[in-house]
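>>> Next come a sequence and a model predicted from it.
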Amino acid sequence: MSFKHITSRDNPVFKYYKKLSENARERRAEGKTLLDGVHLIEAYMAAFGEPEVLIIPEGKSSVEATSLIQSLEHIATVMLPTLMFAEITPVATSTGVLALVNIPKFVSPETPSFALMLEDIQDPGNLGSMLRTAAAAGVEVVYLSEACTDAWSPKALRGGQGAQFVLPIVERADLLKVMQHFQGASYATTMQGESLYRQDFTTPTAFVIGNEGSGLRPKTIQAATKSIRIPMQTNSVESLNAATAAAICLFERTRQLETK
């Protein structure tokens, strides 16, 4: 095992980790990202094997992190002062271990029967939550528009809790073309349209969810097979959180398949 104790912010290794934690372009160029926490690292290892490097803070880590570090003592390890470590973690209180890993590459299905299409989602936590829900609901592939936040940012990974390791994700997708070639019905979620609960989702289905504030673009709505809405029992609530809306739609299809 190689071990480095880095104490300077001018160190090129630390600068590299900081760029990976903050910059989607850097992650794409390098094909690497940082995982925070024992659960994420173990989920990655179960699917793809050991990480390239472990990054730990000075002082004590959690019991779980310490156990993981000891089990991977043959892996190259970098130790950072606590404040420097905090600069590259996505959460205020880390378990005390990060891992440098290669971003997984999936082959997406050519003719999926269940897809999620996300347009211009900006909050990485929201995106991670949607991916986690999509994986749980049995979605076969997720398409992200070019303006979506990065699925491999530390915050999105934290929100996904391992979903990115089991779910094919197509980033920077042209959703209009994807809908055109999708061999099923695509449903644009809007404030108008037909009720979600009056649709038949037992055939190949794609849900299209828009930006947290502005929703879907008009041309995206027009390109979909149908516009749908989630009925609400009060007019005092303008709309649902995008991640909540996605969960309701995805599991309505799951419910229909279960009761078919």
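Noted; the coordinates are in hand. Numbering: from 1, shown residues only.
>>> pLDDT below threshold where in the stretch 1-150 of the chain?
1 (pLDDT under 70).
>>> Kindly recompute the last result at 80.
Along the stretch 1-150 of the chain, segments meeting pLDDT under 80 span 1, 60-61, 91-93.
>>> where exactly do the helices run in it?
Secondary structure of the stretch 1-150 of the chain (DSSP state H, counting those that start in this stretch): helices at 12-22, 24-30, 38-48, 63-71, 82-87, 124-137.
>>> looking at the ones you listed, which is buried most?
Among the helices of the stretch 1-150 of the chain, judged by mean count of other CB atoms under 10 Å, the one packed with the most neighbours on average is helix 124-137 (a mean of 22). (Each C-beta comes from the backbone N, C-alpha and C, glycine too.)
>>> Which residues does stretch 53-66 contact?
Contacts of stretch 53-66 with the rest of the structure, by CB atoms under 8 Å, 6 or more residues apart in numbering, involve 17, 34, 37-38, 69, 72, 75-82, 85-86, 88, 94-100.
>>> quick revisit: in TSV, list the helices of the stretch 1-150 of the chain along with distance to Leu54.
Output for the helices of the stretch 1-150 of the chain, formatted as TSV (distance: least, CB to CB, whole Å):
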stretch	distance to Leu54
helix 12-22	12
helix 24-30	18
helix 38-48	8
helix 63-71	6
helix 82-87	12
helix 124-137	22
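>>> List the contacts of Pro90.
When contacts are counted by CB under 8 Å, 6+ apart, Pro90 touches Ser21, Asp36, Ser153, Pro154, Lys155, Leu157, Arg158.
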